[in-house]
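> Model the following, please.
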Amino acid sequence: MKLTTITNISVDGVMQGLGGRDEDRRGGFERGGWALPLFDDEAETLLGEVYQRADAFLFGRRTYEIFAGSWGAMEDPSSSPIGAALNARPKYVASTTLTDPQWADTTVLSGDVAAAVRELKARPGGELQVHGSGSLVRRLFDDQLVDEITLLIYPVVVGQGTRLFPDAGPDAALDLVDSRVTATGITIQVYRPSGRPQYAT
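Sure, this is the predicted structure:
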């Protein structure tokens, strides 16, 4: 399976608390819910298609708990392509503290996450998808385990909050393989890592 990451970010790279005002207030974050006013039908359709092509999902603990509390609690998951995919396919969560996941078909990866992910990637299949899960995405990126990056970039500067990439970290060149813009100005960019960047001399 190839490992793909799907991340909703602001123009200034913030990914924290996009869905609701009180979704994630870590670090005194007060600007939650910045994505929903811009989330349009085109973005919803695209994300439905993305989720449907997943063979399995990989989460960090915080994102897993948010998803389990919403998508995992749906009375009729078939009413949404996202809910249907999440509830029907295997889920893996990287955590050293989660011991008893309640969401069906969940496996906890509590040991060497990089080794476990390499093992998952070696299995036959299409996509192992990571949604949100910023800390996990950064770790997978550092370990060169990410095959494809999809960014939904919202036309807003949030001005505070956790960003997808930190101020210091590994560098990487990216090949743009797809790009589109929705009616509300969300740009959807799909990249594949292609080694180290070239720098001017």
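> Just give the nearest non-adjacent residue to residue 57, would you?
Of all residues not flanking residue 57 in the chain, residue 91 sits nearest, at 4.9 Å (CB to CB, 6 or more residues apart in numbering). Where you see a C-beta, it was placed from the backbone N, CA and C, and this is true even at glycine.
> May I have the residues that are in contact with the one you found?
56-59, 64, 103, 105-107 (CB atoms under 8 Å, 6 or more residues apart in numbering).
> one more time with 10 Å
Residue 91 makes contact with 56-59, 64, 67-68, 72, 101, 103-108, according to CB atoms under 10 Å, 6 or more residues apart in numbering.
> Quick check: phi and psi at it.
phi -130, psi 140 (degrees, to the nearest 10).
> how near is it to residue 63?
According to CB to CB, to the nearest Å, residue 91 and residue 63 sit 11 Å apart.
> what's the answer for residue 2, then?
Remark: distance between residue 2 and residue 63 (CB to CB) = 20 Å.
> Between the two, which is the more surrounded one?
More crowded of residue 2 and residue 63, by other CB atoms under 10 Å: residue 63, with 21 against 14.
> Residue 115 contacts residue 94, correct?
No: with contact defined as CB atoms under 10 Å, residue 115 does not count as touching residue 94 (11.5 Å).
> Need the residues touching each of the two.
With CB under 10 Å, 6+ apart, residue 115 and residue 94 have common neighbours residue 109.
> Please say which of these two ends up with more neighbours.
residue 94 (24 against 11).
> For the more buried one, list the residues it contacts.
Counting by CB under 10 Å, 6+ apart, residue 94 touches 58-61, 64, 108-111, 113-114, 116-117, 130, 133, 135-136, 139-140.
> give me phi/psi at it?
phi -80, psi 110.
> go on, residue 109?
Torsion angles, degrees, to the nearest 10, at residue 109: phi -100, psi 100.
> Next up, the contacts around it.
Counting by CB under 10 Å, 6+ apart, residue 109 has contacts 58-59, 92-96, 98, 115-117, 119-120, 136.
> Pull the contacting residues for residue 139.
Residues counted as contacts of residue 139 (CB under 10 Å, 6+ apart) are 60, 94, 113-114, 117, 133, 145.
> With that, I have no additional questions.
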